[in-house]
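In: Just need the structure, nothing else, for what follows:
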Amino acid sequence: MPTFAQPYPAEPQTQPRAPPPPKKPAKRSTNEYPVPQPVSILFVDKGNQNRSIIAHAAAELLRLQTLNSGTKNPFTRLDSAGLYVSSTLITRPFLVHAGAVHLPRSVPVTASALPEPLALRALFHAGRTSLEERDVRNRLQRHEARGLEAEDFSRYDFIIAFDAEDVAVLARLSEQVGGAGQRARIVLLGREAPVASPRNVIRDARNAGQDVNDATVYGETVARVWAALERFLQAECGWRRPERPIDGARMPLRSRQFMGSQVRASGIWLKHLREAGEWLIAVDEPATEGAERVVTVTAARELLKEAFDLAFGALRPVF
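Out: Coordinates of the predicted model:
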């Protein structure tokens, strides 16, 4: 019987493959472009008359420059204090127990000393004549030195010091007054290049027989503090430097500041002021319990006087 070649088996029928689903876009890291969150900062040096005042004033100027550019207020409160200034917390035995060394006999010093005039003069030089700069200068030249309080470790997001020794003492003080509500991070400003005390620089130069100009030393201190503060805000707080100067002609907004109280302003009225739309009236959290508050008024140039007068009348000024 003849044999026939067997046909090749038929290939199984397959369903056409569906096209692969489109790839989801890669998720952007949440830290790539951090959204700035308002923070509170306390600047601390030994006497609350030099570096802490310079940093305090510089931060206020950066705040107003940021607001004038149309960006969110980066701070909920700013203040400065002295580690060696007498307070309910700061006593000589407490400082010694916390590891402070080489304490002068005069430590702790009495509170209420005013800032070193050279410090503010170096920051507010002849070129700083805008309304914003004059408001900050007038307010801070009346700032009375205060000592650190136990509540400061829970009241502020950052406590910024200028000397490694002070950072160590602050860390021990934080442990000794420890509580569940503590939130402050203790930071050394200018870790790569710490900012030396201008008084110490001048003293050491004269002891070495060198000629030194006090105003020049303070000017260099201002430049170092300003640069270190900007680096800190950019790295830790997501802040971005505005491109235009604080009073630039192309700045969309302008700002004013004064010290006031909310005693005469009801919650509803204050909410209305904040949400008026044509301007922003921001009232800082108090720097210490019961203290007056910094009031910042930001508006378009043509509306600034109206907004300032409204805030000034509603939030009782303190002078």
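In: Give the next helix or strand downstream of the lowest-mean-pLDDT helix or strand in the chain.
Out: Every helix and strand in the chain was compared by mean pLDDT, DSSP states H and E; the lowest is helix 267-274, with a mean of 57. Per DSSP states H and E, the first helix or strand lying C-terminal to helix 267-274 is strand 279-283.
In: now residue 48: how far from residue 211?
Out: From residue 48 across to residue 211, the span is 29 Å (CB to CB, to the nearest Å). All C-beta atoms are positioned from the backbone trio N, CA, C, and that covers glycine.
In: Who has more neighbours out of those two?
Out: A count of neighbours by other CB atoms under 10 Å puts residue 48 above the other of residue 48 and residue 211, at 29 against 6.
In: Which of the three states applies to the more buried one?
Out: Assigned by DSSP: H, G, I helix; E, B strand; the rest coil, the conformation of residue 48 is coil.
In: dump the residue contacts of it.
Out: With contact set as CB atoms under 8 Å, 6 or more residues apart in numbering, residue 48 has these partners: 80, 81, 82, 85, 113, 145, 146.
In: change it to 6 Å
Out: For residue 48, the contacting residues are 80, 81, 82, 85, 145, by CB atoms under 6 Å, 6 or more residues apart in numbering.
In: residue ranges with poor pLDDT in the stretch 1-150 of the chain?
Out: 1-36 (pLDDT under 70).
In: same thing but 90
Out: 1-37, 88-112, 125-129 (pLDDT under 90).
In: tell me the secondary structure for the residue nearest to the spatial centre of the chain?
Out: For the chain, the residue nearest the mean C-alpha position is residue 41 (4.8 Å; CA atoms, centre = their mean). The three-state assignment at residue 41 reads strand, by three-state DSSP.
In: I'd assumed residue 155 was in contact with it.
Out: No: in this structure residue 41 lies outside contact range of residue 155 using CB atoms under 6 Å: 10.8 Å.
In: measure stretch 278-296 end to end?
Out: One end of stretch 278-296 sits 14 Å from the other (CA to CA, to the nearest Å).
In: buried stuff in it?
Out: Across stretch 278-296, burial judged by 16 or more other CB atoms under 10 Å covers 279-284, 286-288, 291-296.
In: What of stretch 250-257?
Out: By 16+ other CB under 10 Å, the buried positions in stretch 250-257 come out as 251, 253, 254, 255, 256, 257.
In: Mind checking which of those residues land in strands?
Out: 254, 255, 256, 257 (DSSP state E).
In: Among those residues, which one lies nearest to residue 218?
Out: residue 257 (23.5 Å; CB to CB).
In: Give the full set of residues in contact with that closest one.
Out: Residue 257 makes contacts with 135, 296, as judged by CB under 6 Å, 6+ apart.
In: can you give me the helices for the stretch 201-319 of the chain?
Out: Counting by DSSP state H, counting those that start in this stretch, residue ranges of the helices within the stretch 201-319 of the chain are 214-237, 267-274, 304-314.
In: Mind telling me which of these the model trusts least?
Out: Among these, helix 267-274 carries the lowest mean pLDDT, a mean of 57.
In: so residue 287 makes contact with residue 80?
Out: No: Residue 287 lies out of contact with residue 80 (CB under 6 Å); the separation is 8.9 Å.
In: now the helices for the stretch 51-200 of the chain?
Out: With DSSP H, counting those that start in this stretch as the criterion, the stretch 51-200 of the chain has helices spanning 51-68, 92-97, 117-123, 131-140, 152-155, 164-176, 198-207.
In: biggest separation within the contacts of residue 48, which pair?
Out: 80 and 85 (10.4 Å).
In: Give me the distance between the closest residue to residue 96 other than its chain neighbours and residue 195.
Out: In space, residue 96 comes closest to residue 103 once its chain neighbours are excluded; the distance is 7.0 Å by CB to CB, 6 or more residues apart in numbering. Using CB to CB, residue 103 is found at 21 Å from residue 195.
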